[in-house]
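1. fold the stuff below for me.
(one chain, ligands or ions: 2)
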Amino acid sequence: MTDFTATRARFDLPDGIVYLDGNSLGPLPRDAAHRIARTVTDEWGGQLITAWNRAGWMDQPARLGDRIARLVGAAPGTVVVGDTLSLKVTQCLAAALQLRPDRRVVLSDSGNFPSDLYMAQGLLAALGQGHELRVVAPEDVEAAIGPEVAALMLTEVDYRTGRKHDMAALTAKAHDVGALAIWDLAHSAGALPVDLTGTGADFAAGCTYKFLNGGPGAPAFVYVAPDHQHVAPLLSGWLGHEAPFAFDPDYRPGPGISRMRVGTPPVLQMAALEAALDIFDTVDMQALRARSQHLGDRLIAAVEARCPNVTLASPRDPEARGSQISFRHPEGYAVMQALIARGVVGDFRAPDILRFGITPLYIGEAEIDRAAETLADILDTAAWDRPEYKHRAAVT
Ligand SMILES: Cc1ncc(COP(=O)(O)O)c(C=O)c1O
Ligand SMILES: Nc1c(O)cccc1C(=O)C[C@H](N)C(=O)O
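-> Ligands and ions are numbered 1, 2, ... in the order given. This next block holds a predicted model:
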């Protein structure tokens, strides 16, 4: 059982706001400010350099990794936090290619987040071994998994539509042809149950500032299946070294997942993430999923009943989507600005997608209903049709 009234009380949300953008940046856990203040004042201020040992800063990436491991169905010692998701995906891809030296194709899909594709392009070019990044439509991925594929590199939940891949089936298909599977869990971790061990995923990475609520700039996490932890890391930074404080000029990878560390961990961000993960300690991910599906269905039903000019962009089947609902409208950007002006915060993704994150830890039926009613009113009255709502900001 999960008490969602209790989890709601653990977030500091502005009054009057319906926050449906936790799929991009989670809100502030109430304990985070206090936890960061304590890290700043008692640890940084009071303990200075000794805090790396006394306050446990140096081991925090592994401790937080183990806490995230529980949420993504991974064993202790298989997850570590640090760096950004773009970098962690790159490390995963490099490791997978090292394990499949005779193959030259990396298979991904057009629903993947562009940064993953960009990083793959950069890595493959730098390797200079003639690898091809093959990008197919999401629905064509399964058929495209063939014996030439070294690695399947996918984001489980599409950032635009919320469409969810079948991680177990695609990983199994990849393994059938001798390929490895890398999963980006940016829109999965903290949003729905993930079973990295059970699906046999080879590598995975995710960010902690979305559904996990670790705050802007919170570090990413990376998962390496136990069988692959012997691979030499692409980014051979000193904190992934076997003995960082030996200051040996030659790199020797550290044991297990520790070799996926690169450099100095973000101590203040980790303090915030720790506070966010405390909330997840009280959460049953199956209960979270059930409530997310119910709230998503409710939003779809309310919007479709009242807003004939928007079309559903997410799968109608709750099992086939993650924890966001997207709709299309030709004036989506202006409509979203009008919604935000009325306190309903979602976001927009080009060319025409209105995105609403469904986050049961702090969103309930009342917020879903208010969002749908506000959207209907904005569309009925064309309240979006104002120049100030059409002017695009740098960050959308
Ligand atoms: C699916 C996905 N992958 C990768 C990224 C990039 O993450 P980062 O900016 O932390 O590198 C994002 C979001 O920014 C994302 O949604
Ligand atoms: N990481 C972000 C940022 O630094 C600024 C604005 C947005 C983001 C995001 O995470 C976007 C997100 N990946 C998305 O799904 O669109």
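2. for the stretch 251-396 of the chain, which residues are neighbours of ligand 2?
-> Selection of the stretch 251-396 of the chain residues close to ligand 2 by C-beta under 6 Å from any ligand atom yields V395. Heads up, the C-betas are built off the backbone N, CA and C, glycines and all.
3. which stretches of the stretch 251-396 of the chain form helices?
-> Under the criterion DSSP state H, counting those that start in this stretch, the stretch 251-396 of the chain contains helices at 267-280, 285-306, 332-341, 365-380, 387-390.
4. buried sites along stretch 371-381?
-> Residues of stretch 371-381 classed as buried: 371-372, 374-376, 378-379 (neighbour count, 16 or more other C-beta atoms under 10 Å).
5. what helix or strand is A151 on?
-> strand 149-155 (DSSP states H and E).
6. kindly export the following helix or strand past that strand (C-alpha atoms) in CSV.
-> Once the chain leaves strand 149-155, the next helix or strand it forms, by DSSP H and E, is helix 167-176. Extracted in CSV, the C-alpha atoms of helix 167-176 (Å, rounded to 0.1, in the frame of the first residue of the first chain):
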residue,chain,number,x,y,z
MET,A,167,11.6,-4.0,-23.0
ALA,A,168,11.4,-7.7,-22.3
ALA,A,169,10.4,-8.7,-25.8
LEU,A,170,12.9,-6.5,-27.6
THR,A,171,15.8,-7.4,-25.3
ALA,A,172,15.0,-11.1,-25.9
LYS,A,173,14.9,-10.6,-29.7
ALA,A,174,18.2,-8.7,-29.6
HIS,A,175,19.8,-11.6,-27.6
ASP,A,176,18.3,-14.1,-30.1
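7. near ligand 1 at all, helix 167-176?
-> No - if you take C-beta under 6 Å from any ligand atom as the test, helix 167-176 misses ligand 1, and the best it gets is 14.0 Å.
8. excluding chain neighbours, give the residue nearest to the closest residue to ligand 2 within the chain in space.
-> Per C-beta to the nearest ligand atom, Y159 is where the chain lies closest to ligand 2, at 3.6 Å. The shortest distance from Y159 to any non-neighbouring residue, by C-beta to C-beta, 6 or more residues apart in numbering, is to F113 (5.3 Å).
9. repeat that for I279.
-> Nearest one to I279, counting by C-beta to C-beta, 6+ apart, is R10 at 5.1 Å.
10. equivalent analysis for N112, please.
-> T155 (5.0 Å).
11. next up, the contacts around the residue nearest to E331 when sequence neighbours are not counted.
-> Once flanking residues are discounted, E331 sits nearest to W384: 5.8 Å by C-beta to C-beta, 6+ apart. The contact partners of W384, by C-beta atoms under 8 Å, 6 or more residues apart in numbering, come to 331, 334-335, 337-338, 378.
12. center of the chain - which residue?
-> The geometric centre of the chain, computed from its C-alpha atoms, lies nearest to A186 (C-alpha atoms, centre = their mean), at 1.5 Å.
13. picking up where we left off before, would you list the phi and psi of the residue nearest to I279?
-> Backbone geometry at R10, expressed as degrees, to the nearest 10, gives phi -90, psi 10.
14. wait, doesn't it sit right on F280?
-> No - checked against C-beta atoms under 8 Å, the pair R10 and F280 is beyond contact range at 10.4 Å.
15. which residues touch the residue nearest to G190 when sequence neighbours are not counted?
-> Once flanking residues are discounted, G190 sits nearest to F211: 3.4 Å by C-beta to C-beta, 6+ apart. F211 makes contact with 22-23, 26, 187-191, 323, 357, 359, according to C-beta under 8 Å, 6+ apart.
16. from D317, how far off is F211?
-> From F211 across to D317, the span is 20 Å (C-beta to C-beta, to the nearest Å).
17. residue boundaries of the strands in the stretch 101-250 of the chain?
-> Using DSSP state E, counting those that start in this stretch, the strands of the stretch 101-250 of the chain run over 105-109, 132-136, 149-155, 180-184, 203-206, 221-224.
18. quick check, P360 in contact with D3.
-> No - in this structure, P360 is not within contact of D3 by C-beta under 8 Å, at 11.3 Å.
19. the more surrounded of the two?
-> Ranked by neighbour count (other C-beta atoms under 10 Å), P360 and D3 place P360 first, with 24 against 11.
20. what's that one in contact with, if anything?
-> P360 touches 4, 7, 288, 291-292, 295, counting by C-beta under 8 Å, 6+ apart.
21. quick one: it and T5, what's the gap?
-> Applying C-beta to C-beta, the value for P360 to T5 is 11 Å.
22. ok, D158 next?
-> 31 Å.
23. and the protein, which residues reach ligand 1?
-> Residues of the chain lying near ligand 1 (C-beta under 6 Å from any ligand atom): 84-86, 113, 115-116, 155, 159, 184, 186-187, 207, 220.
24. list buried residues within those.
-> 84-86, 113, 115-116, 155, 159, 184, 186-187, 207, 220.
25. got the residues of the stretch 51-200 of the chain near ligand 2?
-> Going by C-beta under 6 Å from any ligand atom, the residues of the stretch 51-200 of the chain near ligand 2 are 113, 159, 186.
26. now those in a markdown table, with pLDDT?
-> Formatted as a markdown table, these follow (pLDDT from 0 to 100):
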| residue | pLDDT |
| --- | --- |
| F113 | 98 |
| Y159 | 97 |
| A186 | 98 |
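27. show the contacting residues for the residue nearest to A179 when sequence neighbours are not counted.
-> Among residues not flanking A179 along the chain, V149 sits closest, at 4.2 Å (C-beta to C-beta, 6+ apart). Each residue near V149 by C-beta under 8 Å, 6+ apart is listed here: 103, 105-107, 134, 174, 177, 179.
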